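*Asks:* Sharing a sequence plus its predicted fold:
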Amino acid sequence: MTDKKALFEFKDIHVRVEGKEVVSGVSLSIKAGETHAIMGPNGSGKSSLSNALMGHPAYEITRGEIYLDGNNLLEMRADERSRAGLFLAFQYPLAIPGVTVANFLRTALQAHRGKEADMSDFRKLLKSEMKALSIDEVFATRYLNDGFSGGEKKRIEILQMAILNPKMAVLDETDSGLDIDALKTVSTGINRYHNDANAILLVTHYQRMLNYVKPDFVHVMMSGKIVKSGGPEIALKLEDLGYEWVEEEVNHRAGV
């Protein structure tokens, strides 16, 4: 039996922001059904990597390759990457006054399905997913993220993921700003979405979300590079010891 091919992989990714390289040669291969976590201190390049993978124009990829289900994402704009099956949940979701949550989600789903697609199931799908995420139906008529709390914004991000059902979900610090109840609800939504046909890349500072969304692999990122990879035990050790032990290990390998 041959090994299953990667659903999502990127190789030797270098990212520049305002003339400064912030990601320096990061590679990762993720198979369908897997959950990977990237952890690292502030300024390590985690969010820059996430935004660059999605095609944010402020994050210039100067070298490397990105493939989703065999498709070269570097040849695609951000909206094309989304339609190809890549999803990014932002660390700081933007508010869009004047556009309701329901209209935003309906427009996004129609863009994915195509203009001629039957959308008769949308209202039923929206109600079902909002109920699963404990989102009051009144939010469907509110302007997207306008006046929402941090927890409400993150639930709407996961609602969008559930509606679009992407092949690959990159979740950038989705646990940021969540109290314990909201964290459990959001984690339940992530686990409900995840199956053997898709994959998840969680970007986080802390172990706490990984108590609810169990990773298969954990990668530690520092100074724009992945410096350590392994299983869930890495996250537990980081929770106990912080990032100093990884820095010492990296320095030891470098002979510092």
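*Replies:* That came in fine, so what should we check first?

*Asks:* can I have stretch 14-22 written out in CSV, keeping just the CAs?
*Replies:* Below are the C-alpha coordinates for stretch 14-22, written out as CSV (Å, rounded to 0.1, in the frame of the first residue of the first chain):
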residue,chain,number,x,y,z
HIS,A,14,9.9,32.7,2.0
VAL,A,15,7.7,35.7,2.8
ARG,A,16,8.6,39.4,2.8
VAL,A,17,6.6,42.3,4.4
GLU,A,18,7.6,45.9,3.8
GLY,A,19,11.0,44.8,2.5
LYS,A,20,11.8,42.5,5.5
GLU,A,21,11.8,38.7,5.3
VAL,A,22,9.5,37.4,8.0
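
*Asks:* Counting neighbours, which bits of that stretch end up buried?
*Replies:* 14-17, 21-22 (16 or more other C-beta atoms under 10 Å). (Glycine included, C-beta is placed from N, CA and C.)

*Asks:* all strands for this structure, in order.
*Replies:* Counting by DSSP state E, the segments of the chain that form strands are 6-17, 20-31, 35-39, 60-68, 71-72, 86-89, 96-100, 143-144, 168-172, 199-204, 217-222, 225-230.

*Asks:* quick check: angle from the last one to strand 217-222?
*Replies:* Here strand 225-230 runs at an angle of 150 degrees relative to strand 217-222 (axes from the mean of the first three to the mean of the last three C-alpha atoms, to 10 degrees).

*Asks:* Give me the sheet partners of strand 225-230 and which way each runs.
*Replies:* Taking DSSP bridges as the criterion, strand 225-230 pairs within the sheet with strand 217-222 (antiparallel).

*Asks:* which other residues reach the strand it pairs with?
*Replies:* Strand 217-222 is contacted from outside by 26, 28, 34-41, 44-46, 49, 210, 226-232, 234-235, 238, 243, 246-247, 250, using C-beta atoms under 8 Å, 6 or more residues apart in numbering.

*Asks:* The residue nearest to residue 88 when sequence neighbours are not counted: neighbouring residues, count only.
*Replies:* Counting by C-beta to C-beta, 6 or more residues apart in numbering, residue 88 lies nearest to residue 54, which is 4.2 Å off, once chain neighbours are set aside. Neighbour count for residue 54, taken as other C-beta atoms under 10 Å: 19.

*Asks:* repeat for the one 3 residues further on
*Replies:* Using other C-beta under 10 Å as the criterion, residue 57 is surrounded by 8 other residues.

*Asks:* Show the contacting residues for it.
*Replies:* By C-beta under 8 Å, 6+ apart, residue 57 lies in contact with residue 78.

*Asks:* now it: how far from residue 26?
*Replies:* 19 Å (C-beta to C-beta, to the nearest Å).

*Asks:* Contacts only, for the residue nearest to residue 176 when sequence neighbours are not counted.
*Replies:* In space, and not counting its chain neighbours, residue 176 is closest to residue 91: 6.1 Å by C-beta to C-beta, 6+ apart. Under the criterion of C-beta under 8 Å, 6+ apart, the neighbours of residue 91 are 47, 50, 172-173, 176, 203.

*Asks:* Now distance to residue 104, neighbour count and pLDDT too, for the residues you listed, in CSV please.
*Replies:* Shown next, in CSV, are these (distance: C-beta to C-beta, whole Å; neighbours: other C-beta atoms under 10 Å; pLDDT from 0 to 100):
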residue, distance to residue 104, neighbour count, pLDDT
47, 23, 21, 94
50, 21, 23, 96
172, 19, 24, 94
173, 21, 21, 90
176, 21, 16, 84
203, 23, 25, 95
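
*Asks:* quick one: low-confidence ranges for this protein?
*Replies:* Where the chain drops to pLDDT under 70, the residues are 1-3, 256.

*Asks:* picking that back up, from the contacts of residue 91, which is closest to residue 157?
*Replies:* Closest approach to residue 157 among the contacts of residue 91 (C-beta to C-beta): residue 172, at 9.5 Å.

*Asks:* my read: the closest one touches residue 48, true?
*Replies:* No. Counting by C-beta atoms under 8 Å, residue 172 stays clear of residue 48, with 10.0 Å between them.
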